[in-house]
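*Asks:* only the shape, not the letters, is given here:
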């Protein structure tokens, strides 16, 4: 029988709110990841452990240990880890997002930032504290001999803490973002980076989006501890941690289903009228410093500068979901993007670039079907799902211009135009090439791209991890001299 | 017999100028490196090839192929490579210093900089052009079977170009600065980074300041080409390039001699009067983005914040030599440093920090003898000679606070207080620890530090390279089936 699962992530599959009429209701998180992880919980049994994000989540947490939540397509048991608002802010905004996200995406300006002093030391303490609370909640909740699936950089200390509390568990930790190289990681104070590497090494299996990030992790371990990986495996005493690659993708059927809904259809019709017979260069991103929005705008400016005949005949639509507005760097970034778009429009016409800042997933899906060129040019990105969503839904033989520093480039490169994201000149040339590509080549590339983009549904991502964790767990059981019959289970 | 030498560097040992009365005269470059390289030229014969920097250098270059220059302690033959002013600017300021220096010191702010477009493409062309001219001048000048010592990041393409023109030469290339890791180097357009790696691989021996930078180089080669180093050696066909470590230091006797001169003595007396019985926290740096001046000031601010009793009893003297004022980032940086010092002085008294921006080497030497704490906290630094000069001349049992990202930390760490340069909190604690250290420990540390700091005179640095190049050259001669008697030379 498959072991029961505990999913451990900062953000859970649902969050509660109170309606104006005073009723409690919950909203479901979007994305294929929630569907895949919920599916595993449903079929194997288990609990999803997540931070109480809203005021109402905290109330739910105070009332009951575990709540049973209806996700529409599944029911899952959720246990909230309740954290005081100021500690949550320090753990989430200040440490996870302003320190860890920045270091692993190379977002600092080293002559000036970061500057670690008291505020960051407090944020680190909060991070360690919240990680401990997550580990404790998991230790209390997980079934004997179960599997813990710890998610992402917010919870890097959990695997080792949990290992000590519950040596019977098979622990997986998936790292969704890039992993920085040792010179850059070394900008962190040693106690932080060492604790995080040690924390991650508490997992049996570490998952990364690409081999590049896995190798960076292993090289950092070696640089800090001298431990060398063999066959991607770090051995410490009688324990092993293996760094594997599990690229995550999108669920194309799920996407197609949503895209067939009335909201998307309506928006598509509206966008089509607006477009007329102009060509569409699209970007869809969170307003995130790693997404490289200004260089994308600048590259489009170069396109119009070099090809006057394109002015008025091609439009750049940038659909930007606001992100992390509580972080000052992000507010400045949005302003900077807006000013850039205005500057370029002042040069080339009021609607050369249409920059929309709003959280409208149906609108993104509608736009996906219509683009001629999709620009996905992050400076660094663990995977990037836009690069997969777009090709799954596009109907115009659209061309993907893709950063080589997005994890998605590993698989999509053969059918995309791959660029160095900081090379605006190269990015502009790629957009031009895409716009001027002969139709037969466009269609052929789009077909290949669609096939590649559909190839990594989250269920497969999850199954591969669970299979490897089952194997690790059998080894574990063997070491503990337990339940020999478990060793006879098929290798999955 | 020792092979004749050609030294190839952007800046030569002398530069010519015209006096107000119309006479031509030359100024000698400072530093132990000029002395060491000139010494090799004198004892072995050979020529120093360098860019014509001044107007008068260009005139000299036009008049004669090689000029014989008196350096005071040596005579050397200098051949100027003449480059038009705009091309020199593009090669030197725009490419070498704004692109290569930035990438290898991690000085960019990736969400915003760099942005490669036409201007940088032109700068790259100029870089390639000037490198070609250097290679040609060297090929025309070097004696048969000689040794070429190519210096630094300005001339990364020279080794391979020269190898093709003059396969008889033994070619060394010394890289004086850090070498970035592959994620960061990968921000450069591929044609540039690939050409530079290939250019460097034209050398028989590549020299780096520390093993860390050598390993970064080898890992970049592997990441780009798949070639793995064995025993630090990359083999391509029948050719080999070995990446060795030759830490460069200072010539303590030379330093002591200058420090005994009247200019230094006068300044020392003046500084002593100014200091009175206050303690001195010193920094000596170029106004260079990698030197981390603002975080040093901020750390000093934290010291005064935490220990009110130190206010008025300790002063921070920052002696800053202006650098690269033609580069906008550097002008902004100086302004930023000045504002920071003013802000802190507004808080803690008008002379808590004394920031002097001037080019006054004797003043630095005088200050070295007087410091209680020397702060050397670069974000990244190939070696850093201040960390060696200071301890060679200090007479007060001064403590060195040293960045772990300076190459000098490899050897000096045991006797210094080593800090993470971006960790202002840790830097402040180290300065405090240094100020409050018991006298016996201070003196003991200072003694060890002095011994370590004196241990790498440039002559030794050069001899080690020439010895290894002689060995490489014998292998080369063997391969070419030449002069068997050369193989019988001692291994040096």
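*Replies:* Everything's here; your move. Quantities reported herein were computed from a predicted structural model and do not represent experimental measurements.

*Asks:* next, the buried residues of stretch A:305-316.
*Replies:* By 16 or more other C-beta atoms under 10 Å in any protein chain shown, the buried positions in stretch A:305-316 come out as A:310, A:314, A:315, A:316. C-betas here are computed from N, CA, C, even on glycine.

*Asks:* can you add distance to chain B and pLDDT and give those residues back as TSV?
*Replies:* Shown next, in TSV, are these (distance: C-beta to the nearest C-beta, whole Å; pLDDT from 0 to 100):
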residue	distance to chain B	pLDDT
A:310	18	97
A:314	20	98
A:315	22	98
A:316	17	98
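
*Asks:* any chance of CSV for these, columns distance to residue B:63 and secondary structure?
*Replies:* Formatted as CSV, the buried residues of stretch A:305-316 follow (distance: C-beta to C-beta, whole Å; DSSP: H, G, I helix; E, B strand; the rest coil):
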residue, distance to residue B:63, secondary structure
A:310, 54, helix
A:314, 57, strand
A:315, 61, strand
A:316, 57, strand
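
*Asks:* pick the one among the residues you listed closest to residue A:124.
*Replies:* Nearest to residue A:124 among those: residue A:316, at 40.7 Å, using C-beta to C-beta.

*Asks:* what's the separation between the closest one and residue A:133?
*Replies:* 45 Å (C-beta to C-beta, to the nearest Å).

*Asks:* contacts only, for the residue in chain A positioned nearest to chain B.
*Replies:* Closest to chain B within chain A is residue A:109: 3.4 Å, counting by C-beta to the nearest C-beta. Residue A:109 makes contact with B:108, B:109, B:112, according to C-beta atoms under 8 Å, 6 or more residues apart in numbering or on different chains.

*Asks:* the last one - nearest residue in space that isn't next to it in sequence?
*Replies:* I take that to be residue B:112. Of all residues not flanking residue B:112 in the chain, residue A:294 sits nearest, at 6.9 Å (C-beta to C-beta, 6 or more residues apart in numbering or on different chains).

*Asks:* which SSE is the one you found in?
*Replies:* Assigned by DSSP states H and E, residue A:294 belongs to helix A:293-306.

*Asks:* and that helix, how far from the chain's centre?
*Replies:* A distance of 26 Å separates the centroid of the chain from that of helix A:293-306, by C-alpha atoms, centre = their mean, to the nearest Å.

*Asks:* domain-wise, how is chain A divided?
*Replies:* With domains defined by automatic domain parsing, chain A comprises A:5-248+A:460-488, A:252-453.

*Asks:* what's the closest of the ones you listed to residue B:304?
*Replies:* For the domains of chain A, the distance to residue B:304 is smallest for domain A:5-248+A:460-488, at 14.1 Å, taking C-beta to C-beta.

*Asks:* look up phi and psi at the nearest residue to residue A:312 once chain neighbours are set aside.
*Replies:* Residue nearest to residue A:312 in three dimensions, not counting chain neighbours: residue A:349, with 6.2 Å by C-beta to C-beta, 6+ apart. Here is the backbone geometry of residue A:349 (degrees, to the nearest 10): phi 110, psi 150.

*Asks:* list the buried residues in the helix holding residue A:294.
*Replies:* Neighbour-count burial for helix A:293-306, counted by 16+ other C-beta under 10 Å, picks out A:293, A:294, A:295, A:296, A:297, A:298, A:299, A:300, A:301, A:302, A:303, A:304.

*Asks:* avg pLDDT for that helix?
*Replies:* Across helix A:293-306, pLDDT averages out at 98.

*Asks:* packing partners for it?
*Replies:* Applying 3 or more C-beta pairs under 8 Å, 6 or more residues apart in numbering or on different chains; DSSP states H and E, one finds that helix A:293-306 contacts strand A:279-286, strand A:314-321, helix A:328-348, strand A:373-376, helix A:424-435.

*Asks:* residues touching the second one, excluding its own?
*Replies:* Residues lying outside strand A:314-321 but in contact with it, judged by C-beta under 8 Å, 6+ apart, are A:271, A:275, A:278-287, A:293, A:296-297, A:300, A:303-304, A:334, A:337, A:341, A:351-360, A:363-364, A:367, A:372, A:435.

*Asks:* can you select the buried ones from the residues you listed in ChimeraX?
*Replies:* Remark: buried members of those, expressed as a ChimeraX selection using 16+ other C-beta under 10 Å:
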select /A:271,275,279,280,281,282,283,284,285,286,287,293,296,297,300,303,304,334,337,341,352,353,355,363,364,367,372,435
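
*Asks:* surely residue A:259 touches residue A:390?
*Replies:* No: the criterion here is C-beta atoms under 8 Å, and residue A:259 misses it with residue A:390 at 11.5 Å.

*Asks:* common neighbours of the two, please.
*Replies:* Residues touching both residue A:259 and residue A:390 (C-beta under 8 Å, 6+ apart) are residue A:368.

*Asks:* got the residues of the stretch 251-400 of chain A near chain B?
*Replies:* Contact residues, the stretch 251-400 of chain A versus chain B (C-beta under 8 Å from any C-beta of the partner chain): A:289, A:290, A:292, A:294, A:295, A:298, A:302, A:333, A:336, A:379, A:380.
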